[in-house]
Each structure stands twice: as C-alpha cells, then as structure tokens.
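Chemist: kindly generate the corresponding structure for this input.
(one chain, ligands or ions: 1)
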Amino acid sequence: MWTIHSKGTSLKISPETIQVMTTLVKSIESRDPYTAGHTWRVSRYVMGIAKHLGWHGHQLVEAELGGLLHDLGKVKVPDQILNKPGALTADEYTVIREHPLIGADILRQSPGLVSLMPYIEAHHERFDGHGYPHSLSGQLIPLPGRIVAVADAFDAMTSTRPYRRALLVENALSEIEKNQGTQFDPDIVQVFLKAWARGDFQGVVRFSGINRPLLECEQCGPVIEITDPMMETLSGTVQCPVCRGLYTVAFDNGSWTIRAPNTSGQGQDFSMR
Ligand SMILES: [Fe+2]
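Modeler: Below is the predicted model of the structure:
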C-alpha cells in the first residue's frame, strides 16, 4: 500500500490503483512509437530533482507517480493528432493543449490521487507566463509543475522524433540553461544541472527502464525497447515500432547487441558496464 499525505490527511493508494494508472499511461505511450520509456525517464528526472530539493518519504512517492502520470490527459487526444507527422493546425493545437486539464479531471475523481494534480495540470505552464492551461507565472506555478516542465523538455530534446534526431546531452543541457527564467524556473534548472554533474541520471537518458537501453533501428534511431521476455531470456526478436523492421537482440558479455537478420554486421554495442 502506498501512502500519500494531502492537506493534513494521509490517503492509502492500493498497488492495484497504481497498476491501473501505470497501464493506462503505458497504453498512451504505446500509441506514439517514438516515445518508448518517456514517462519512466520523466519520472526519474523528477525524482532526482526532488531528492536534491531535500524531499523524502511520501513526497518522493508523489514525485515518482506525478512524473509517470504527467501526460495522463493524452488518453483523450485522438491518434491522428497525437501522431501527426507534420505541423499541427490551430484547432489541433487547441485539442492537444487540453491534456493537462483532462488529466487533472481524471485524477479529481480518484480521492487517493488528488495530490498528484499539480504534476499533471501545471506541467505546460511557463515561468514567464506564456504557458498553458492557466498562463500562470513564476512562483504561482505549483512547484511540481515547474519540476516536470524541466524533466519533460529535457527528455523531449534527448529523444529522437520523426522530424529530428535526438540532441546530444550537452546541447540539451545548454538549451535548458538558456531557457531558465523564460520557459523554466531558474532554481529548478540549477538543481537539474547539479544532479547531472553528479552523474545522478546515468542509465536514464536513452533508457526505457532500469538496465534497459533503447536499441537503435538502422532507419529510425534509438526507439526499440527491451521487453520483459527479452530481459528474462537475454535474447529475442523484435520489430521496430516505427518502420516495422525486424531485428534479433542478445545480451552477451555485459552488453546488448542488435542486428538485422541475414546480415553479417557486428551489431551495435550498448554496454551496460
Ligand atoms: Fe504534456
């Protein structure tokens, strides 16, 4: 049983509730083949920032769940908008900009999860007041929203998208730094940079879970997830979720290799040592 404290009361959340929510979020993630592991990574970044802020106990539980659930509202965004390869129309933007409020409404109906609402509702607010849904600025943005904003943007920058390859970590960090005070809370940016400098996020960027580096499709980039059965057997065949290309994978001598069948290539080394 997870315990979350809210407004002087503590609420118990059953593992089943967490499981339902996590499954729901995973199902949203699976609709966009490029976002493998996004919610897990955001959750790790949010927890890392929270630890540096001195949070502990139930606050860290909230940080973990809030990071996982931040895009819950996308459950109501149609596939053709969520996965549209080109630029969105003004109307499509209006629909996508509703997801923080939709997610917050879902949580409002679940008493045990109400305290997670700021992670969902405020994660697209900007420090300068030009974000959505409420155009809040500065300290008026709930702190969880300011934390997820940094984590979410960093993960977007370091992930390959249909229209661009992932940025190098150093370039993404300097983008985050450049946008402190406009898009991001400068205090949170500094905490995030310090956590990076300490190596807290090794094994998170371009991973989709603990010890699960994203594998690289020759055509589409690092978008292939290591599944539970592959973790058990340390091998398997897998299709790229984007181009449907077929690969074999194996874990040998401390690293994962991936290669297209019927080729004599050496495969790629994703060492976890
Ligand atoms: Fe979002």
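Chemist: determine the longest strand present in this protein.
Modeler: Scanning the chain for the strand with the most residues, using DSSP state E, yields strand 246-252.
Chemist: mean confidence for that one?
Modeler: Per-residue pLDDT values over strand 246-252 give a mean of 88.
Chemist: same check, this time on stretch 39-49
Modeler: The average pLDDT within stretch 39-49 is 95.
Chemist: over to stretch 176-189?
Modeler: Throughout stretch 176-189, pLDDT has a mean value of 98.
Chemist: show me the contact partners of that stretch.
Modeler: 49, 126-128, 131, 138, 141, 146-147, 149-150, 153-154, 157, 190, 192-193 (CB atoms under 8 Å, 6 or more residues apart in numbering). All C-beta atoms are positioned from the backbone trio N, CA, C, and that covers glycine.
Chemist: now stretch 69-83
Modeler: Contacts for stretch 69-83 (CB under 8 Å, 6+ apart): 21, 24-25, 27-28, 31-32, 38-39, 42, 88, 92, 95-96, 98-107, 113, 116, 119-120, 123, 148, 152.
Chemist: which residues in the stretch 1-150 of the chain form helices?
Modeler: 15-31, 38-52, 58-69, 79-82, 90-96, 99-108, 117-121, 143-157 (DSSP state H, counting those that start in this stretch).
Chemist: single out the most deeply packed of these.
Modeler: Mean neighbours per residue, mean count of other CB atoms under 10 Å, is largest over the helices of the stretch 1-150 of the chain for helix 117-121, with a mean of 25.
Chemist: ok so, going back, what strands flank the longest strand of the chain, and is each parallel or antiparallel?
Modeler: strand 235-239 (antiparallel), strand 255-259 (antiparallel) (DSSP bridges).
Chemist: most packed of those?
Modeler: strand 255-259 (a mean of 19).
Chemist: and that strand, what's its mean pLDDT?
Modeler: Per-residue pLDDT values over strand 255-259 give a mean of 87.
Chemist: equivalent analysis for stretch 127-145, please.
Modeler: Averaged across stretch 127-145, pLDDT comes to 98.
Chemist: give me the buried positions along that stretch.
Modeler: Buried positions in stretch 127-145, judged by neighbour count with 16 or more other CB atoms under 10 Å: 127, 131, 132, 133, 134, 136, 141, 142, 143, 144, 145.
Chemist: reformat those residues as JSON lines; add distance to residue 249.
Modeler: Listed next are those as JSON lines, based on distance: CB to CB, whole Å:
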{"residue": "127", "distance to residue 249": "42"}
{"residue": "131", "distance to residue 249": "40"}
{"residue": "132", "distance to residue 249": "40"}
{"residue": "133", "distance to residue 249": "41"}
{"residue": "134", "distance to residue 249": "45"}
{"residue": "136", "distance to residue 249": "45"}
{"residue": "141", "distance to residue 249": "42"}
{"residue": "142", "distance to residue 249": "41"}
{"residue": "143", "distance to residue 249": "40"}
{"residue": "144", "distance to residue 249": "36"}
{"residue": "145", "distance to residue 249": "38"}
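Chemist: check contacts around the nearest residue to residue 46 once chain neighbours are set aside.
Modeler: Excluding the flanking residues, the one nearest residue 46 by CB to CB, 6 or more residues apart in numbering is residue 67, at 3.6 Å. When contacts are counted by CB under 8 Å, 6+ apart, residue 67 touches 39, 42, 43, 44, 45, 46, 47, 119, 148, 151.
Chemist: lovely, talk soon.
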